[in-house]
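Q: pasted the sequence and its predicted model underneath.
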Amino acid sequence: MEAILSEKDQAVLIPFYDFDPAKLAGFSPAVPLTIRSIAVFPAPDCQTLIYVGTGGGKLLLFSLNPSLSTSPLTSLDDDSNAHPAAPVVFVRSVSISNRVIELITVLSEIGRVLLLSDGFLFLVDSLLLRSVRKLGFVKDVTAISKRLVQLGFPNSDPFRDGAVRAELSSPGQTFLKKIGGGIRVNGAGSRVSDLQRGGGSGCFLAVAAGKKLVLIEILLTSNADLDAEHGGISILWTEIQGIGGVKTMAWVGDSIILGTAEGYHLFSVTTGKGSLIFSLPDSSPPLVRYFVRSSNLLLLFDNVGVVSNALGHPVGGSLIFQYVPETITDMHPYVIVARDGRLDLYRKKTGVCVQSFSLPKSSVGPCIVVNDDQGNGNVVVIGTPYKAFCCRKVSVEEQIKVLLRKKHFREAIYLVEEFQSEGEMTREMVSFVRAQFGFLLLFELHFEEAVDQFLLSESMDPSEIFLFIMRDPNRWSHLVPRKRYWGLHPPPVPLEQVVDDGLVSIQRAVFLRKAGIVTTTDDEFILNPPSRADLLQSAIENIIRYMLVSREKDLLPPVKEGVDTLLMYLYRALNQVSDMEKLASSQNSCVVEELETLLDDSGHLRTLAFLYASKGMYSKALSIWRVLARNYSTGFWKDPTASSGDYGSDSSADLLSCQRVAAAEASKLLQEISDQALVLDHLEWIADIDQEYAILFLISEKRINQLSPGDVIASIDSKKIEIHQRYLQWLIEDQDSDDMQFHTLYALSLARSTIELVEGHSMQDNCLIEKYNKMGVSDVTDKDSLKYNIRERLQLFLQASDLYDPELVLKVVEGSELWLEKAILYRKMGLEEMVLEILALKLEDCEAAEQYCAEIGRSDAYMQLLDMYLDPEDGKEPMFKAAVRLLHNHGESLDPLQLLEKLSPEMPLQLSSDILLRMLRARVHHRHQGKIVHNLSSALSVDTQLARLEERSRNVQINDESVCDSCHAHLGTKLFAMYPDDSIVCYKCYRRLGESTSARGHNFKENPIFKPGWLVTR
């Protein structure tokens, strides 16, 4: 027995049994039986029924048990009956006619089989137990099609309106004439009304018979009186005349596709109209097959299969075959075509031929390939004139396994994607297979593709990768799931060993290739062998990529720890310092015990410090930063984001930069720490490097509990003036501290700094300039500007605060030239004369002196100031111009007699005469003006008294009908009161309302009322 040959890599169909129907059925070899039609029906009892129609009109029934299928291909022995363990068993046969059985259609809805022989239709039960029934109402049948119901679309009842009319036109002639006259049921129209349609199961058929199209409904009802001989089978039909030459057809939904020698036509059951889809050449036979899953059809045009929908519109791409097939069968997601003993399988979606069969030479001839009518069966039967071959559809998993064993990874991946899109694989199975792909690709050194598959697998657990990073056993060995993959890859080992084993395989493949032996190793590796370093780097980089994606998933806490810890291991292997520090400084689940020795030994102290900080181990983190600040010559810990200079150089700029980096990181930690002892312990070394960083964590408001101000001030080195001042400033301005001690300390510190800068005898001038520049004074470029900045701060604080001790501050500035500061302090102490003396004589600020006199508010203050101008002490010349200015601005408020007495005989007359004349005239003018105002006020007072008297002397008439405007009681002889708005109330209401508010709600205090007679008109 010659086996069927497979020529393609992908094995979709595997032949497992072949048999001779005549021999298996026990017929004599003297009367040969030829196979002319075959049908397959999967029975509910897991058996598959095979119907074989012969050229002599016999119908043979065989039972196939797929569980007994054997592989490789087996066949019958020379005995007439099959071995009891054979998968195919003969059941029974029945004689239909003495002519060829051309077509077998299984009507699974009603448990019947429809046969076409000699132009007639025959109906028999599925197990061939009852007699055959001939449907005599139709003859000369050429094509049959069951109706395929379109899910999600309305499917009308073809017998709903009885008879219909339709016309189908083709070029040059009328194709469809006239519809037949009415519906006939079992040949008798009178019985239609008695049939309860819809009360049982049934199916619709379209039959092309002669020059008419017959639409048939076969019903299986529970009415035993109706056609009891055939088990309750009832048949309804309607005839559509004028349709001839139909060789093939398919009924989908409400559309019937008819294939004739002229071409393909579309007939609508609902509208009764038809149209030509496209024409066929004379050499192309028509052939129509429908795809059950998609409700699409395949229309054959020469060797091209045009895929269309139920309306005849092309959808998707066409399938191009290598020959004109004589049979086409649907086996989702494939299409099987056959001719002269050759079978090809094509993917519907892509049109790619995935497998080919060549039948044995002894079996070549007209070929029949069948599957069940739904296209979902796992058994395909191939029929030749004298033999039948049973093929089993390989499961999806088996197809993938075959490709993986041959290391055809790309084909296997594509196959999985196609099965996934077609719904042939469950979501869980796809994830499982993706993970299997990933492991195989990993051991084949295709690390990028392997990680791509890992990421596509939803069931892949990150812990399955742990053993590739850290050798087993380790901290997370118990987390690794013991999944049972297909056993196609070795157990996990560290990546170094994976790379080494892969390189050995590549070397072996190169040797075998030179010896002429074909291997499955990737040709790219053989032609260009990779280096170990490149492979290991690629492996680590791609595993890092997988770990980074895994971090974003919702994992169990132990798995999270493993992912982050091993990710740090991988970063360390590639010396990716920036990524290590980014991971350590962010929120992570790293296990410190697993990493601290590794990082310490490798010199990655910055990363270790960040890791300690992220875990709340601040003391250890700060200790590392202190060590790094002192041992700044070490190169491992340098900030990777810093400039790319020579960190190994001994330049002072680089060393200072490194120290500042350590101090900055420590300051960030200390800003959030509430442990006062820890904070103050690290104050000194950070302040030595950069006082600004020390200030930042001392005044930080990020910590929960603030530090004790007294302890902080006591811990600050007295030489760190900037820290001292900035901290006190923060306490006073930001924390609103009202402690007199802090205010006094701040004022004293500012005063001392100002004196040092102003007098210029401090050795810390340059240092102070640098420190004050860090305060944000970016425009300070010289010492004078810095003096102004500090002195301005001192002056503002002395003026704004009232809580410091001015006497203590005065003792500091007393011997200095800070006259304005002294004036402010004297003013705080209430020494007005000292303030005026400084403003007028020391600072010679006339405007400030006059303004201070105005604040005092006494006229003698101006006289005192004038006396200072005219008689300055310490041998100074009189300040006549200042005196003239004072007289000009405030001379009116001075007593002329006292002024004349104060004027110095040495004062030039030309400076004082004008001022004296103007002052005397102003005095006279003011006196006259005062008299006028006095007289006007007296007149206004008289007028007001007169208006008030007139108002009070008004007469008010009260009668019996007068009522109180508040309580509405009759006044009669009661006491009453009248308000300026003329409202009258009784005395009781007047006591309740008071004098300010009337009964009408008018408030005279808030909104006074005026009458024309009250106004002064003089």
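A: Sure thing, it's come through. Numbering: from 1, shown residues only.
Q: hey, what's the residue nearest to Leu148 when sequence neighbours are not counted bridged with?
A: In space, and not counting its chain neighbours, Leu148 is closest to Val252: 4.7 Å by C-beta to C-beta, 6 or more residues apart in numbering. (C-beta placed from N, C-alpha, C; glycine too.) Counting by DSSP bridges, Val252 is bridged to Leu148, Ser255.
Q: does Val252 touch Arg289 like I think?
A: No - Val252 is not in contact with Arg289 according to C-beta atoms under 8 Å; the separation is 11.0 Å.
Q: I'd say Leu670 and Ala621 touch.
A: No - if you go by C-beta under 8 Å, Leu670 and Ala621 don't touch, sitting 10.2 Å apart.
Q: between these two, which has more neighbouring residues?
A: More neighbours surround Leu670 than the other of Leu670 and Ala621, with 27 against 21 (other C-beta atoms under 10 Å).
Q: returning to what we had before: list the contacts of the residue nearest to Leu148.
A: Arg147, Leu148, Gln150, Tyr290, Ser295, Leu297, Ala310 (C-beta atoms under 8 Å, 6 or more residues apart in numbering).
Q: could you check how far it is from Leu669?
A: 74 Å (C-beta to C-beta, to the nearest Å).
Q: now do Leu696
A: 11 Å.
Q: please enumerate the helices of the stretch 201-350 of the chain.
A: With DSSP state H, counting those that start in this stretch as the definition, the stretch 201-350 of the chain shows no helices.
Q: which stretches of it aren't confidently modelled?
A: Across the stretch 201-350 of the chain, the ranges flagged by pLDDT under 70 are 222-231.
Q: put the alpha carbons of stretch 947-956 into CSV.
A: What follows is stretch 947-956 as a C-alpha-only set of coordinates in CSV (Å, rounded to 0.1, in the frame of the first residue of the first chain):
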residue,chain,number,x,y,z
ALA,A,947,-35.9,125.2,62.1
ARG,A,948,-36.0,122.9,65.1
LEU,A,949,-38.3,125.2,66.9
GLU,A,950,-40.7,125.4,64.0
GLU,A,951,-40.7,121.6,63.6
ARG,A,952,-41.4,121.2,67.3
SER,A,953,-44.2,123.8,67.2
ARG,A,954,-46.3,122.1,64.5
ASN,A,955,-49.9,121.3,65.4
VAL,A,956,-51.2,117.7,64.9
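Q: number the chain from 5, please
A: Sure, I'll start numbering at 5, so the last one becomes stretch 951-960.
Q: which strand or helix spans Leu800?
A: Per DSSP states H and E, Leu800 falls inside helix 787-804.
Q: with only the CA atoms kept, save the helix or strand following that helix in PDB.
A: Next helix or strand after helix 787-804 toward the C-terminus (DSSP H and E): helix 810-817. What follows is helix 810-817, C-alpha atoms only, in PDB (Å, rounded to 0.1, in the frame of the first residue of the first chain):
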ATOM      1  CA  PRO A 810      17.200  98.100  70.600                       C
ATOM      2  CA  GLU A 811      19.600  98.800  73.300                       C
ATOM      3  CA  LEU A 812      21.700  95.700  72.600                       C
ATOM      4  CA  VAL A 813      21.700  96.400  68.900                       C
ATOM      5  CA  LEU A 814      22.600 100.100  69.600                       C
ATOM      6  CA  LYS A 815      25.700  98.900  71.600                       C
ATOM      7  CA  VAL A 816      26.900  97.100  68.500                       C
ATOM      8  CA  VAL A 817      26.400  99.900  66.000                       C
END
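Q: now do the helix or strand just after helix 810-817 against helix 810-817, angle only.
A: Remark: after helix 810-817, the chain's next helix or strand is helix 823-833, criterion DSSP H and E. Counting by axes from the mean of the first three to the mean of the last three C-alpha atoms, to 10 degrees, helix 823-833 points 160 degrees away from the direction of helix 810-817.
Q: distance between helix 823-833 and the chain's centre?
A: Mean-position distance between helix 823-833 and its chain equals 65 Å (C-alpha atoms, centre = their mean, to the nearest Å).
Q: ok, now stretch 412-429?
A: For stretch 412-429, the distance to the chain centre is 27 Å (C-alpha atoms, centre = their mean).
Q: tell me the buried residues in that stretch?
A: Neighbour counts over stretch 412-429 (16 or more other C-beta atoms under 10 Å) mark His412, Phe413, Glu415, Ala416, Ile417, Leu419, Val420, Glu422, Phe423, Gln424, Glu428, Met429 as buried.
Q: does the second one really touch Leu449, like I thought?
A: If I follow you right, that is Phe413. No - taking contacts as C-beta under 8 Å, Phe413 lies outside contact range of Leu449: 11.9 Å.
Q: that older thread, now do the shared contacts for Val256 and Arg293.
A: Listed as contacting both Val256 and Arg293 by C-beta under 8 Å, 6+ apart are Leu301.
Q: quick check: the two most widely separated of the contacts of Val256?
A: Arg151 and Leu301 (13.1 Å; C-beta to C-beta).
Q: show me the longest helix that occurs in this protein.
A: Secondary structure of the chain read by DSSP state H shows that its longest helix is helix 913-956.
Q: packing partners for it?
A: Packing partners of helix 913-956 (3 or more C-beta pairs under 8 Å, 6 or more residues apart in numbering; DSSP states H and E): helix 884-894, helix 900-906.
Q: buried residues in stretch 949-965, which are they?
A: Neighbour-count burial for stretch 949-965, counted by 16+ other C-beta under 10 Å, picks out Ala951.
Q: what is the mean pLDDT for it?
A: On average, the pLDDT along stretch 949-965 is 80.
Q: out of the helices and strands packed on helix 913-956, which gets the lowest mean score?
A: helix 900-906 (a mean of 64).
Q: contact partners for the closest residue in space to Arg103 that isn't next to it in sequence?
A: Distance criterion C-beta to C-beta, 6+ apart; nearest residue to Arg103, sequence neighbours excluded, is Asp122 at 3.8 Å. The contact partners of Asp122, by C-beta under 8 Å, 6+ apart, come to Gly61, Ser101, Arg103, Val104.
Q: now do the first one against Pro25, distance only.
A: Think Gly61. Separation of Gly61 from Pro25 (C-beta to C-beta) stands at 14 Å.
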